[in-house]
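Visitor: A structural model of the following input is requested.
(one chain, ligands or ions: 3)
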Amino acid sequence: MKSIYLTGFMGAGKTTIGKALGEYLEMPVFDTDEEIEKIEKQTISEIFEQQGEAYFRACETRILGELSKDDAVITTGGGIICRDENRKLLKNQGIVIFLFASEEEISKRLERDETRPLLRGDKLERIGTLYQERLPIYKQAADYIIDTNGKGINEVVKEIVGCLNLQ
Ligand SMILES: Nc1ncnc2c1ncn2[C@@H]1O[C@H](COP(=O)(O)OP(=O)(O)OP(=O)(O)O)[C@@H](O)[C@H]1O
Ligand SMILES: O=C(O)C1=C[C@@H](O)[C@@H](O)[C@H](O)C1
Ligand SMILES: [Mg+2]
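Guide: Ligands and ions are numbered 1, 2, ... in the order given. Next up, the predicted model:
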């Protein structure tokens, strides 16, 4: 089958849900952020600090193109849908599932997380601005939308499996 791509805002649970989904479906899982960290031998924060966001975005597009295998779960970085080129790759390469979580839920999940470079400074304000900018793009780039608000990891996995008729 075509690969399953999980998209969504930082903290939507792409990495967490993707790992559980891959186990459930017995499919390999690739995370674009983790692949970039392996290749660059730096954390995402270090790449942003030392090479800048434009460099990170170029790595992200390259990795997305390289991860065009079938039969895999691919979990993406929160900003992947911002580039037109990436949206085309996603559309052509697989099934795109947008993991929705409300701005309030995202703010709660990321309250104590200091690993996201784009949320430095006033975190709630940064989340608010990026969330409003990106929400329509996630929706537009998605084949399916799964609401994760108030749901546990296994519940979300079951919903994805159900909506793809894979159960
Ligand atoms: N459905 C959920 N309910 C409660 N907490 C969740 C849920 N999904 C994820 N989380 C928690 O939210 C935090 C962020 O999750 P995760 O790192 O998977 O997000 P992400 O979408 O991959 O973010 P990023 O775009 O920054 O990579 C983690 O602490 C995770 O345990
Ligand atoms: O939403 C974003 O733009 C990002 C999300 C993370 O997954 C990382 O890709 C990085 O921190 C940028
Ligand atoms: Mg992630």
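
Visitor: can you give me the offset of the longest helix along the chain from its chain's centre?
Guide: When the chain is parsed with DSSP state H, its longest helix is helix 123-140. Computed by Cα atoms, centre = their mean, to the nearest Å, the separation of helix 123-140 from the middle of its chain amounts to 13 Å.

Visitor: Give me the contact status of the helix or strand containing Leu64 with ligand 3.
Guide: Using DSSP states H and E, Leu64 falls within helix 53-66. No. Interface with ligand 3: helix 53-66 contributes nothing (Cβ under 5 Å from the ion), its closest point being 12.0 Å away. C-betas here are computed from N, CA, C, even on glycine.

Visitor: And for stretch 101-108?
Guide: No. For a cut-off given as Cβ under 5 Å from the ion, stretch 101-108 has no contacts with ligand 3; the smallest distance is 12.5 Å.

Visitor: Give me the mean pLDDT for that stretch.
Guide: Stretch 101-108 comes out with an average pLDDT of 97.

Visitor: ok, and for that stretch, which residues are buried?
Guide: Ala101, Glu105, Ile106, Ser107 (16 or more other Cβ atoms under 10 Å).

Visitor: follow-up on the earlier one: the helix or strand following the longest helix of the chain: how far from the chain's middle?
Guide: Once the chain leaves helix 123-140, the next helix or strand it forms, by DSSP H and E, is strand 144-147. Relative to its parent chain, strand 144-147 has a centroid offset of 13 Å by Cα atoms, centre = their mean.

Visitor: continuing past strand 144-147, what's the next helix or strand?
Guide: helix 153-163.

Visitor: near ligand 1, which residues of the chain show up?
Guide: Selection of the chain residues close to ligand 1 by Cβ under 6 Å from any ligand atom yields 8, 10-16, 33, 77-78, 109, 116, 148, 151, 153, 156.

Visitor: Buried among those residues? Make that a ChimeraX selection.
Guide: A single ChimeraX command is used to select the members of the residues of the chain next to ligand 1 judged buried by 16+ other Cβ under 10 Å:
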select :8,10,11,12,13,14,15,16,33,77,78,109,116,148,151,156
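
Visitor: near ligand 2, which of the residues of the chain next to ligand 1 show up?
Guide: Restricting the residues of the chain next to ligand 1 to those near ligand 2 - Cβ under 6 Å from any ligand atom - leaves Met10, Asp33, Gly77, Gly78, Arg116.

Visitor: and the fourth one, what pLDDT?
Guide: What it means is Gly78. At Gly78, the model reports a pLDDT of 98.
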